[in-house]
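1. Dropping a prediction and its sequence here:
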Amino acid sequence: MLPTNPVSKKKRMGVQKAIQKVSGGATCNFRCTSGSVTEPGMEKIFDCIKQDSATGLESEVLYDIGAHVGFVLFCALMAGFKAATGCEYKENKHLEDVFEGTKAALKSDCPKVEEATVDWTEFTDVPPDTTVVFTFNAVFPKKTQDLVLEKVRDSNAKYFVCFNNKTYLNEAPMLAALGDAFSLLNKLAIRTTGSAAQHIAFIFKRHG
């Protein structure tokens, strides 16, 4: 595993541009993908976790449920996360070329991105070493969202970030599903690429 070191903010702001260049400009406009989050939005989310974490981002392992072309994974590794992996529907495996191409484009700025991986399969569980679970779940059916909440509740994750949730419009039903183990750490208003609307990132923290 390569050393964990955040890169400069200027370089961290170039992830979308790299994806757009590799994909010919279209990939970031796929409807409701994690690639639609902006770099400043991800910075707000990561800063919230960094300020709360006793050991900093360098000890955190992120798992992205619905990783798409890896935008969140790349942002996490460039921000200084220890590791970042994810899963994506096998029907979207055609995006693997964009994922690998973006990884190659970013590695000169951040060699750590080479360690990012995506499992092109249906989500079933949260890896045991995960400390931060991320999901941009606007297109998930309710049964998938319920499964995610169940698996996060039963995982080892310290933080759960749920962004742009159209099924659960406030934290109350999510907290009920997560049980007594979690509380709401913060709610952040964040814009998405190509939209002036403010969406909410719910950040939950496990007690203890």
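-> Noted; the coordinates are in hand. Owing to the predicted nature of the structure, the values given are computational and were not obtained by experimental measurement.

2. Run through who's touching stretch 91-111.
-> 2, 7, 11, 14-15, 18-19, 21-23, 27, 68-70, 74, 77-78, 88, 113-114, 116, 118, 120 (C-beta atoms under 8 Å, 6 or more residues apart in numbering). In this view, the C-beta of every residue, glycine as well, is placed from N, C-alpha and C.

3. how about a cut-off of 6 Å?
-> 2, 7, 11, 18-19, 22-23, 27, 69-70, 74, 78, 113-114, 118, 120 (C-beta atoms under 6 Å, 6 or more residues apart in numbering).

4. Just those: which are in strands?
-> Assigned to strands by DSSP state E, the following of the contacts of stretch 91-111 qualify: 118, 120.

5. quick check, nearest of the contacts of stretch 91-111 to residue 126?
-> Closest to residue 126 out of those is residue 118 (15.0 Å), distances taken as C-beta to C-beta.

6. show me what contacts the closest one?
-> By C-beta under 6 Å, 6+ apart, the contact list for residue 118 reads 67, 86, 88, 99.

7. Under the pLDDT cut-off, which ranges of this protein? List them.
-> Along the chain, segments meeting pLDDT under 70 span 3, 25-36, 138, 164-167, 194-197.

8. What is the longest helix of it by residue count?
-> Identified as the longest helix of the chain according to DSSP state H is helix 39-52.

9. circling back to that earlier point, quick check: the farthest pair among the contacts of residue 118?
-> 86 and 99 (9.7 Å).

10. if we can go back for a sec, between the contacts of residue 118, which is closest to residue 58?
-> Taking C-beta to C-beta as the measure, residue 58 sits nearest to residue 86 out of those, at 19.3 Å.

11. neighbours of that closest one, just the number please.
-> Residues contacting residue 86 under the criterion other C-beta atoms under 10 Å number 26.

12. same deal with residue 42?
-> The tally of other residues near residue 42 (other C-beta under 10 Å) stands at 26.

13. Count the neighbours of the closest residue to it other than its chain neighbours for me.
-> In space, and not counting its chain neighbours, residue 42 is closest to residue 75: 4.3 Å by C-beta to C-beta, 6 or more residues apart in numbering. If you count neighbours by other C-beta under 10 Å, residue 75 ends up with 28.

14. Thanks a lot, see you next time.
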